[in-house]
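**Q** Take a look and give me a structure for this.
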Amino acid sequence: MAAAGPPIIPGGPGSEGRQHAGPVIVRGGAGARYQIAAPMIIRGEDGALYTAFSEDIADIEPVEEEPQECIAPSPDVFSYFLLTEPSEHKKHGRFTTDALTSYILVFLVLAIQSVLLFCVWNKVIVDNVDWRAGIMNTGKDWNIAGIGPTPGNCNKLESMCMWQNGTFTCAPPSVQLISRWDELDTNQDGVWTRQEVLDAREHLQCQYGVDPVEVFDVVGGLLKNREHQSYIWVDDAVHSGQAISRDYFTYIMGDVAMCGYRNGDMCGNLMQRGFFDAAIMHEIPRVGKTTRSALEYCHMLLDEGGLCQTYLPSAYATWRIESAQECHGPEYSKFVYSDPNTGKTKSLLAVDYEARKDYEVAQTHIFKVYKCFILFIWLLIVVQHIRDVGNTFLWIKSIPIDKESDESGNETPSAREFRVGQLDSARRRSLLRDEDVHKITWRHRAALYVVTSLRIFLIIILLTVGLTFLAKQNDYIGLLLDGVAMMFIVEVEEILYSKVIRQDVRQAWEERAPMPFTNTGLLAGRPDVTDLVWFFFLLSCAVVFVQYHTWTLVEPLYDALQCACLSQGESCHEAKSFSYEFWQQYWMLDLPAAIMRINQNAGYHAASLVQSAHHHVDHVVGNVLPHVSHVGNVLKHHHLRP
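**A** Residues are numbered from 1 along each chain as shown. Alright, predicted model coming up:
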């Protein structure tokens, strides 16, 4: 390697005229590093310092390159905090107001971010952990999805829906109990007695969270109400509250099952599903034979103050209110219903609910791609902060401790020129090189370690909170706004920097040269490859996270909401128990058969009463006739006396 003359390179600060004690490492024109002996520091005509070499450059020897990276000054509080204190101390020989400001700002940012993250954590992470444990907290006494009671644990009605045997059951406790006749009639004799209720009371109340004695009385009360309306005859066992036969239970089960549809808004949906078609065609007395009479029957049960709210236990009222709130606002759509008897059409409204529709949207491909991109951007932002903090740690570790810091308190000439502000860009860059910090005090290093450790902790929390906060959002605009909200927490450090630090100080900091440090690791020295690896890794993480979240949370919660709000869905117990086929069979077969047997019993009872009346009359006549004969004899005797 040859050279035309002695090479010169920019020198270090304050080193004019000083001979280096030993060889130094310099970078050649091709980018390789070389070891050169006995350089001399001189000042050039432009006032800048340079290192001159008297030996022929052909004698220099190349040395092995170590992976180097740099920390470039950035416009935020944490970057500004790195060198403000040592720079101010080097220029002024004391701890200045600007140094104090950097400390105040960095700890203020940590405090602000901590408070904001705590508030979001308290409403997002804690709720999500509870949901993952089986209960999704709604802030109320009821919750949207839980796990059914496990052995040894009772149903405390903390969940609006329970997952049992592969299906959700979201009906009110009284309706759940009514649909399980086999658990009520424990001896399987076709009669549900009060004694059976008392014997199984503890078990049933633990299982369903409602007192079965109260449900037993509710069924009896509804039967007596139907008798009062002249729909049915009720026997003495029901009147006395001692027993309810299977026929009576079948008769009233239709009314109680209707109560599981919550309110009168669902009447249109029930008509649309054809649940009353068979009842209208067979002119069931309770339902009638027209569309209007069927709607009146439905509203009589489900409207505010209807039979369901009047007769069912207080747990039903709680379920009714909470389920309506959990399903969010109703949305209505128009449809045309055709009367199965006359063929006349009538316009009706079917209800749907925002919560169910939101989770339906969350399962579409376009929304998952949309959410994936937003999460990918969020991951890029947070991981870039993590990488910056990691580089800061390496830089703190590599920079030496200043054991002989200048305590004179004298202001350097360069500091004086900066303070006056009268210098051109070339002179500013030269002075910035003169003021480069190559050592820091042990106190500042300790402060940097504390701040950086706190930043790592907050960034991990920020990553967790942000992913959970963004993942649970199922609205397009809402997801975008939530992303902006999380960005605000991240940018607090930049906001305070730009609004508190004066412009000339910011300009001086941002014009500083990057601070080099030695990097270690698998891809050290290949930052281009490192960036590409991080890019594809984070993109893959976003895709996997969205898909995993959809499978484990969105789809089950959608099934629960669909069951709770509309009583439909493949995973809904009530949708299967009270399906279209059930109502067809109930109106056409089960109910008429039960009514026929009840009427037969009523006939037997009436015949028994007539027979008893005849026996009573005969008994009375038999008892009265001797007395009549005696009276006749007495009268006859008195008539014959003179």
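**Q** what pLDDT, on average, does the helix or strand where I377 lies get?
**A** Assigned by DSSP states H and E, I377 falls within helix 365-398. The average pLDDT within helix 365-398 is 91.
**Q** Counting by contacts, list what it packs against.
**A** Packing contacts for helix 365-398, counted by 3 or more C-beta pairs under 8 Å, 6 or more residues apart in numbering; DSSP states H and E, involve strand 68-71, helix 77-92, helix 442-471, helix 476-490, strand 515-518, helix 527-549. In short, each C-beta sits where N, CA and C put it, glycine included.
**Q** pLDDT of the first one, averaged?
**A** Right, strand 68-71. For strand 68-71, mean pLDDT is 72.
**Q** That one pairs with which strands, and in what direction?
**A** Paired neighbours of strand 68-71 in the sheet (DSSP bridges): strand 515-518 (antiparallel).
**Q** mind saving the C-alpha coords of the strand it pairs with as PDB?
**A** Included here for strand 515-518 are C-alpha records, laid out as PDB according to Å, rounded to 0.1, in the frame of the first residue of the first chain:
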ATOM      1  CA  MET A 515     -21.700   7.400  19.800                       C
ATOM      2  CA  PRO A 516     -19.900   4.200  18.700                       C
ATOM      3  CA  PHE A 517     -19.800   1.000  20.800                       C
ATOM      4  CA  THR A 518     -18.700  -2.600  20.200                       C
END
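**Q** What residues of that strand count as buried?
**A** 515, 517 (16 or more other C-beta atoms under 10 Å).
**Q** which residues sit in contact with the residue nearest to S567 when sequence neighbours are not counted?
**A** Take S567 and drop its neighbours on the chain: the residue closest to it by C-beta to C-beta, 6 or more residues apart in numbering is E574, 4.9 Å away. For E574, the contacting residues are 169-171, 175, 179, 260, 563, 567, by C-beta atoms under 8 Å, 6 or more residues apart in numbering.
**Q** And the protein, what are its domain boundaries?
**A** Domain assignment for the chain by automatic domain parsing gives 8-65, 77-131+364-559, 147-355+574-582.
**Q** Tell me which of those domains is the most buried.
**A** Comparing those by mean neighbour count (mean count of other C-beta atoms under 10 Å), domain 147-355+574-582 comes out on top with a mean of 18.
**Q** re the thing from before, show me which pair in the contacts of E574 is furthest apart.
**A** S179 and C563 (13.8 Å; C-beta to C-beta).
**Q** give me the low-pLDDT residue ranges for the protein?
**A** 1-68, 128-153, 155-158, 403-437, 519-525, 604-642 (pLDDT under 70).
**Q** what residue is smack in the middle of it?
**A** Most central in the chain under C-alpha atoms, centre = their mean is K472, positioned 4.5 Å from the mean C-alpha point.
**Q** What ranges does the stretch 251-400 of the chain have for its strands?
**A** Using DSSP state E, counting those that start in this stretch, the strands of the stretch 251-400 of the chain run over 330-338, 345-353.
**Q** can I get the ones you listed in a markdown table with distance to R597?
**A** Converted to a markdown table, the strands of the stretch 251-400 of the chain look like this (distance: least, C-beta to C-beta, whole Å):
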| stretch | distance to R597 |
| --- | --- |
| strand 330-338 | 33 |
| strand 345-353 | 35 |
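**Q** And P75, which helix or strand is it part of?
**A** In the assignment (DSSP H and E), P75 maps to no helix and no strand.
**Q** hmm, I was thinking of F107
**A** Using DSSP H and E, F107 falls within helix 97-132.
**Q** List the contacts of K439.
**A** By C-beta under 8 Å, 6+ apart, K439 lies in contact with 86, 399-402.
**Q** Kindly list the main-chain dihedrals of it?
**A** K439 adopts backbone torsions of phi -140, psi 150, taken as degrees, to the nearest 10.
**Q** Can you give me the separation between it and F393?
**A** Look at K439 and F393: by C-beta to C-beta, to the nearest Å, they are 18 Å apart.
**Q** hang on, the earlier thing: quick one: closest of the helices and strands packed on helix 365-398 to N269.
**A** N269 sits nearest to helix 476-490 of all the helices and strands packed on helix 365-398, at 26.9 Å, using C-beta to C-beta.
**Q** what's the angle between that closest one and helix 97-132?
**A** Between helix 476-490 and helix 97-132, the angle comes out at 140 degrees (axes from the mean of the first three to the mean of the last three C-alpha atoms, to 10 degrees).
**Q** just to revisit the earlier point, which ones among the contacts of E574 are found in helices?
**A** Mapping these onto helices (DSSP state H) picks out 175, 563.
**Q** Between the contacts of E574, which sits nearest V554?
**A** Using C-beta to C-beta, C563 comes nearest to V554 of the contacts of E574, at 15.0 Å.
**Q** Thought G569 was touching the closest one, still the case?
**A** Yes: contact criterion C-beta atoms under 8 Å: C563 and G569 qualify, at 5.2 Å.
**Q** which of these two has more neighbours?
**A** It is C563, of C563 and G569, that has more neighbours when counted by other C-beta atoms under 10 Å, with 26 against 22.
**Q** which residues does that one contact?
**A** Taking C-beta under 8 Å, 6+ apart, one finds 161, 168-170, 569, 571-575 in contact with C563.
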